[in-house]
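# Quick one, structure for this:
(one chain, ligands or ions: 3)
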Amino acid sequence: MRLDPFYLIVDSTAWIERLVPLGVKLVQLRIKDMPEAALRDEIRRTRTVCAGAGCQLIVNDYWRIAIDEGCDFVHLGQEDLADADVAAIRAAGMKLGISTHDEAELETALAAQPDYVALGPVYPTVLKQMKWAPQGLDRLSAWRKRIGTLPLVAIGGLTVERLEGVFAHGADSAAVVTDITRNPDPEARTRAWIAATERRRQPL
Ligand SMILES: Cc1ncc(COP(=O)(O)OP(=O)(O)O)c(N)n1
Ligand SMILES: Cc1ncsc1CCOP(=O)(O)O
Ligand SMILES: [Mg+2]
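Ligands and ions are numbered 1, 2, ... in the order given. Next up is the predicted model:
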């Protein structure tokens, strides 16, 4: 499996309706704290938009709803993974990406036979408080060595200007939230990400 080199993460269908039509091919819906009915509605609407745009949707955290709604890819952190029924996720034919922040987490993730592992935060992030210091680029190289050809996602503080560094250190895909959603012109920044990753993009 290949991941698109540009992995957008947003917290609403509204963002997806706004940015995916610009040419985004890999997007994560990462919603926190929403009642289940509304969440289900967001996932359903997002799924329709992504299907129409040929964009791979990855649902963060809510693997049960993702199965119910016929989604085909989920992302889980380590705590999510501990509570999840990976066999049920696989039985539903879904792909699975897993977060890692240290070697022990990487071993746990690999034992679940994921479709990708994410390493973060590569750089400082303002999105959420994290107990891990920024990992740095050399840590990406170490993850690449350890995981062989398994897709590797870099996340945390990424910007257009930092992309070449993460790809040169072994990342297959670069995940981003604030460089786009807190940019004064999110559409222009999205286009800049698409352009900066273009030569690494392969048709789905
Ligand atoms: C691609 C990607 N990598 C890491 C995360 C973080 O997942 P998690 O550790 O479960 O934290 P939350 O995002 O759920 O707050 C991610 N979502 N996506
Ligand atoms: C959810 C998450 N996990 C590791 S870093 C991170 C936040 C990424 O957001 P940003 O691109 O804004 O730093
Ligand atoms: Mg999570």
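# okay, now A175: neighbour count?
Using other Cβ atoms under 10 Å, A175 has 25 other residues around it. (C-beta placed from N, C-alpha, C; glycine too.)
# what's in contact with the one helix or strand it maps to?
In this assignment (DSSP states H and E), A175 forms part of strand 173-176. Applying Cβ atoms under 8 Å, 6 or more residues apart in numbering, the contact partners of strand 173-176 are 3-9, 26, 28, 116, 118, 120, 151-155, 158-159, 162-163, 166-167, 193, 197.
# Near ligand 1, list only the ones from these.
Residues of the contacts of strand 173-176 in contact with ligand 1 (Cβ under 6 Å from any ligand atom): I9, Q28, A118, G120, V153, I155.
# Which of those residues fall within strands?
Among these, the members falling in strands (DSSP state E) are I9, Q28, A118, V153, I155.
# Save those as a markdown table, and put in neighbour count, distance to A38 and pLDDT too.
Shown next, in a markdown table, are these (neighbours: other Cβ atoms under 10 Å; distance: Cβ to Cβ, whole Å; pLDDT from 0 to 100):
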| residue | neighbour count | distance to A38 | pLDDT |
| --- | --- | --- | --- |
| I9 | 21 | 19 | 98 |
| Q28 | 25 | 18 | 98 |
| A118 | 26 | 26 | 98 |
| V153 | 28 | 28 | 99 |
| I155 | 25 | 26 | 98 |
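# from those residues, which is closest to ligand 2?
I155 (4.5 Å; Cβ to the nearest ligand atom).
# Mind listing the residues bridging to that closest one?
For I155, the beta-bridge partners under DSSP bridges are A175.
# Tell me who's in contact with it.
Residues near I155 by Cβ under 8 Å, 6+ apart: Y7, I9, S99, A118, L119, G120, P121, V122, A174, A175, V176.
# now those: which count as buried?
Y7, I9, S99, A118, L119, G120, P121, V122, A174, A175, V176 (16 or more other Cβ atoms under 10 Å).
# so which strand or helix has the residue of the chain most remote from its centre?
Within the chain, the residue lying farthest from the chain centre (Cα atoms, centre = their mean) is A37, at 23.4 Å. Using DSSP H and E, A37 maps to helix 36-53.
# How far does that helix sit from its chain's centre?
17 Å (Cα atoms, centre = their mean, to the nearest Å).
# Show me what that helix is packed up against.
helix 13-19, strand 26-29, strand 56-60, helix 63-68 (3 or more Cβ pairs under 8 Å, 6 or more residues apart in numbering; DSSP states H and E).
# And the pLDDT at L96?
Per-residue pLDDT puts L96 at 98.
# What is the end-to-end distance of stretch 9-27?
Counting by Cα to Cα, to the nearest Å, you get 6 Å between the two ends of stretch 9-27.
# what about that stretch and ligand 3, any contact?
No. Stretch 9-27 is not in contact with ligand 3 by Cβ under 5 Å from the ion; minimum separation 11.2 Å.
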